[in-house]
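J.: Take this sequence and fold it.
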Amino acid sequence: MATARCACQAGLLFACAALVASSEIHNPGRQLQQTYAQAPSVPLAAVEHYDWNITLSQGAPDCFQRNIILVNNSFQPVLEVVQGNILEITVHNNLPAWFIDVAGGISLHWHGFSLVNNSWYDGTNYGSQCPIKVGQSFTYRFPVNEPAGTYLWHDHSQLYRSDGLNGVLIVKPREGSPEAWQYDADYPMLLGDWFHGEGDSLGITLNRPFDLTKANNITGHWRWIGLPQSLLINGHGMYQDCVIPGGLGDVAGSANYSANCSVQYYDIPPGRSVQQPEADPNNPGCSHTNFTVEEGGVYRFRIVANTLEAIQTICFEKHNITLIAVDAVPTEPISFGECMDVNSGQRADILLTADQEPGNYWITTQMNYRVGGPNGYAVLHYEGSSNHTLPTTPTPQPGAAEPLTLSQINSIETNRALLSGDESDSSAKALVENFRYFPGDQTTLAVPNADRLLGLNISQPLIEPTGQLRWAFNNIVQPSSPPCTPLLRDIALDQDWLGQHLAAPGFDTVLDPYEQVGNGSDALVFEAFSPMPLDPVTGLHVLQTDLGEVIEIVIQNGPGNAFNGDYRGGAEAASRNGSEAHPFHMHGHHFWLLATGNGTWDPSTSPAEYNLDNPAYRDTLTVLKGGWAALRFVSDNPGVWPFHCHLDAHFVIGHAMYIVEGTDRLPPMPEDMPVCSATCNQQFGPNTVPFVDSAYPDEFGPADNQNKR
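T.: Numbering: from 1, shown residues only. Presented below is the predicted three-dimensional model:
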């Protein structure tokens, strides 16, 4: 009989004792057999090699020209690889030295890939690697031992993915494998929120004092990144579509202010035009994305959300869609009508049948859980109808589409063929074959019982003595990077590194956010099962597990000022009692999403809501405002894996922790890994006004920086 161990932490929003009793169930052990060694019956893998030249250019995805990041002169290219082949990408960082870069370089993450035995290539800045500095190159090389499906690649240094350094990543079934679904065409669909400020420039002010009594002309003061100016679909949109409260037109005296979105043009040509008489003669133009279908055809849309801030609902006018996979894992086919929710980092594969009268129909994506955000639009175009024209029906307005209900979210289930390994019909056989890493694997996704339980409480503390606003798990704010060396490398070189750097009780040290950190500096490290600190602290947050353990995590979304989260007291502190919806992504694993709920997790009733039969098997989940979510995963992948909020403006100010497992079984570190600088930045520091003025003179002159205080 396995005995569950509980993380009883002071101030948790649920009672641990009751949970222990509910988890004392026989553990059948890991049933998902993962064979990662090349099987003799598998042909030698082909190497798919790419050279990616990362450069800065000028572009206007939504008709507003600004700096954008390109890969081989392409904006947000789709990367398609074959299951079982070896992916080899040499990244050349040719961004200009003057371009704002608070992380000291770039790193590319293969979002959703487990990378078993290849954790060195996870692409997390200071987690698995040093950043690739300007003028340097680095080659990622690993076998694509992942289920066929839809993934995402993106920068994982600071906020470069909001400048275009991201794209859809598709793993195709190995040669000779049957397709699991029948469709006539396959459309990748990347959803993004677009800001007219560059990512790192927006993030600079997040590290400045929120408490105005601690702000001055040297530190500057905190400012939120605000709402995006537009939503893009496959890199296209128009910010003129939606001028709404909080958007670009929401300024005093704005002549074009309107609370409605009225899409008038399919595309806007370069230069001044009838559509844009006020535009600069060098206006590069913009357009809406067109998805062409034929009447009676069936189409697969691979919907991928890579947003900085927006949680989106996407709708296909007059067309019911069927969900067939989430986060690259096949689901029991289910339809919620015309719409589907996709949070940042999540993927949803849907099938659409072109069964309407030929014409043009709206594809609309809408921000949810944040009031005032714009809509994004594309066109579902039937072959033979008027091309490059907008639908004649009224423009769908922000707020018109309701997000999925709690019961709908919890009704998404893993396809039962993956539970049983049943191959009795061709469809089930294809599903299993596409999901397997190699032919002959025995695959089942039966949910194992938990060995250990961890509660993670979300809050938004104000930190003394700096007055900074942060996001925290269990009152611990994690720097977005350890001091100047990758944590994976530190632990690989010294298996006792965590023990040597483990913080003693007291938690009385706060990292100075305005100083550079040199090699050898100690960051605080917190054992995830230590007593929860009574006051918010800053330090490296680590969950250390035994290889093969089954861990259950309950995430409780509490008010921002919880756990002594605002030292100011009084009305100012009391007013920060709201919460936000968060997407959380786990590197190196998929997990069973047992349930999501509203309100406070209750040990006596909430486990009864768990789906232990065939829950969704995901790598990114959503915790609703004031709600909770329960997940379970197997700690079976040697490495150091971040678990973090996928809203970058939350991640870079502390909303993360590391899962450390099986580091005594790591493969040798590749000899050509990037080398770190002698000094590096913690989060977005140092970012005082004088530092920013001197470090980025071409980006921020004194006048520009004044506007960012």
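
J.: Report the distance from the lengthiest strand in the chain to the chain centre.
T.: Looking only at the chain and at elements set by DSSP state E, the strand with the highest residue count is strand 47-59. Here strand 47-59 shows a centroid-to-chain-centroid distance of 21 Å under the convention CA atoms, centre = their mean, to the nearest Å.

J.: buried residues in stretch 70-84?
T.: By 16 or more other CB atoms under 10 Å, the buried positions in stretch 70-84 come out as L70, V71, F75, Q76, P77, L79, V81, V82, Q83, G84. Heads up, the C-betas are built off the backbone N, CA and C, glycines and all.

J.: pLDDT of that stretch, averaged?
T.: Averaged over stretch 70-84, pLDDT sits at 96.

J.: Give me the distance from it to the chain's centre.
T.: So, by CA atoms, centre = their mean, the centroid of stretch 70-84 is 18 Å from its chain's centroid.

J.: tell me how far the ends of that stretch are from each other?
T.: Terminal residues of stretch 70-84 lie 28 Å apart, using CA to CA, to the nearest Å.

J.: Check stretch 415-430 too.
T.: Stretch 415-430 has an end-to-end distance of 12 Å (CA to CA).

J.: any idea of the mean pLDDT in the biggest helix by length in the chain?
T.: Looking across the chain with DSSP state H, the single longest helix is helix 426-435. Helix 426-435 carries an average pLDDT of 80.

J.: Next: stretch 601-609.
T.: 94.

J.: measure it end to end?
T.: OK, stretch 601-609 end separation, CA to CA: 11 Å.

J.: Off-centre distance for that stretch?
T.: Centroid separation for stretch 601-609 versus its chain: 28 Å, with CA atoms, centre = their mean.

J.: Can you point out the buried residues in it?
T.: W601, D602, P603, S606, P607.

J.: same question, stretch 186-204
T.: For stretch 186-204, the buried set under the neighbour-count rule, 16+ other CB under 10 Å, comprises 186-195, 197-204.

J.: so which strand or helix has W98?
T.: According to DSSP states H and E, W98 maps onto no helix or strand at all.

J.: That one against E699, yeah?
T.: Yes. Counting by CB atoms under 8 Å, E699 is a contact partner of W98 at 7.0 Å.

J.: Can you pick out the residue with more neighbours from these two?
T.: Higher neighbour count among W98 and E699: E699, with 19 against 13, using other CB atoms under 10 Å.

J.: any idea how far the closest residue in space to that one that isn't next to it in sequence lies from F691?
T.: Leaving aside its sequence neighbours, E699 sits nearest to I100 (CB to CB, 6 or more residues apart in numbering; 4.8 Å). As judged by CB to CB, to the nearest Å, I100 and F691 stand 12 Å apart.

J.: returning to that earlier point: ok, so of the buried residues of stretch 601-609, who is nearest A649?
T.: Set against A649, the nearest of these by CB to CB is W601 (26.0 Å).

J.: I'd say the closest one and A630 touch.
T.: Yes. Here W601 reaches A630: they are 7.4 Å apart, a contact under CB under 8 Å.

J.: Looking at the buried residues of stretch 601-609, which are in strands?
T.: Counting by DSSP E, none of the members of those fall within strands.

J.: Let's have those residues in TSV, adding distance to P486.
T.: What follows is these, written out as TSV (distance: CB to CB, whole Å):
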residue	distance to P486
W601	34
D602	40
P603	38
S606	37
P607	38
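
J.: out of those residues, which one sits closest to A60?
T.: A60 lies nearest to W601 out of the buried residues of stretch 601-609, by CB to CB, at 45.8 Å.

J.: so what's the nearest residue to the closest one once chain neighbours are set aside scoring on pLDDT?
T.: In this structure, W601 finds its nearest non-sequential neighbour in W628, 4.1 Å apart by CB to CB, 6+ apart. Listed pLDDT for W628 reads 97.

J.: Same question for P374.
T.: 90.

J.: quick revisit: between I100 and F691, who's got more neighbours?
T.: Between I100 and F691, counting by other CB under 10 Å, I100 is the more crowded of the two (22 against 16).

J.: Who are the contact partners of the more buried one?
T.: By CB atoms under 8 Å, 6 or more residues apart in numbering, the residues touching I100 are E198, D200, S201, I204, Y696, E699, F700.

J.: Tell me, how many residues neighbour the closest residue to the fourth one other than its chain neighbours?
T.: If the residues on either side of it in the chain are set aside, I204 comes closest to N687, at 4.9 Å by CB to CB, 6+ apart. By other CB under 10 Å, 24 other residues sit near N687.

J.: ok, N687 to Q468 distance?
T.: 11 Å.

J.: do D648 as well
T.: Using CB to CB, one gets 17 Å for the distance from D648 to Q468.

J.: in terms of contact, does V78 touch G167 like I think?
T.: Yes. Assessed by CB under 8 Å, V78 is found in contact with G167 at 5.7 Å.

J.: Pass me the low-pLDDT residue ranges in this protein, would you?
T.: Low-confidence segments of the chain, defined by pLDDT under 70: 1-44, 243-259, 278, 421-424, 437-443, 480-483, 502-530, 681-686, 700-709.

J.: Mind splitting it into its structural domains?
T.: Here the domain parsing of the chain from automatic domain parsing is 5-30+448-671, 47-178, 199-413.

J.: Out of these, which is closest to K429?
T.: domain 47-178 (7.1 Å).

J.: related to what we said a few turns ago, wait, which of the buried residues of stretch 601-609 is closest to V91?
T.: Closest approach between the buried residues of stretch 601-609 and V91, by CB to CB: W601, at 41.6 Å.

J.: Any figure for the gap between the closest one and R568?
T.: Using CB to CB, W601 is found at 29 Å from R568.

J.: again with Q275
T.: With CB to CB as the criterion, Q275 and R568 are 50 Å apart.

J.: thinking again about what came up before, the residue nearest to W601 touches D602, doesn't it?
T.: No. At 9.2 Å, W628 does not count as touching D602 under the criterion of CB under 8 Å.

J.: Next, show the common contact partners of those two.
T.: Overlap of the contact sets of W628 and D602 (by CB under 8 Å, 6+ apart) is empty.

J.: if we can go back for a sec, could you pull out the buried residues of the longest strand of the chain?
T.: Per 16+ other CB under 10 Å, strand 47-59 contains these buried residues: Y50, W52, I54, T55, L56, G59.

J.: which pair in those spans the largest distance?
T.: Greatest spatial distance in the buried residues of strand 47-59: Y50 and G59, 21.5 Å, computed using CB to CB.

J.: Which residue ranges of the stretch 601-709 of the chain form strands?
T.: 616-618, 620-623, 627-634, 639-645, 656-661, 679-680 (DSSP state E, counting those that start in this stretch).

J.: Can you check what angle separates the third one from strand 656-661?
T.: Using axes from the mean of the first three to the mean of the last three CA atoms, to 10 degrees, one finds that strand 627-634 and strand 656-661 are set 20 degrees apart in direction.
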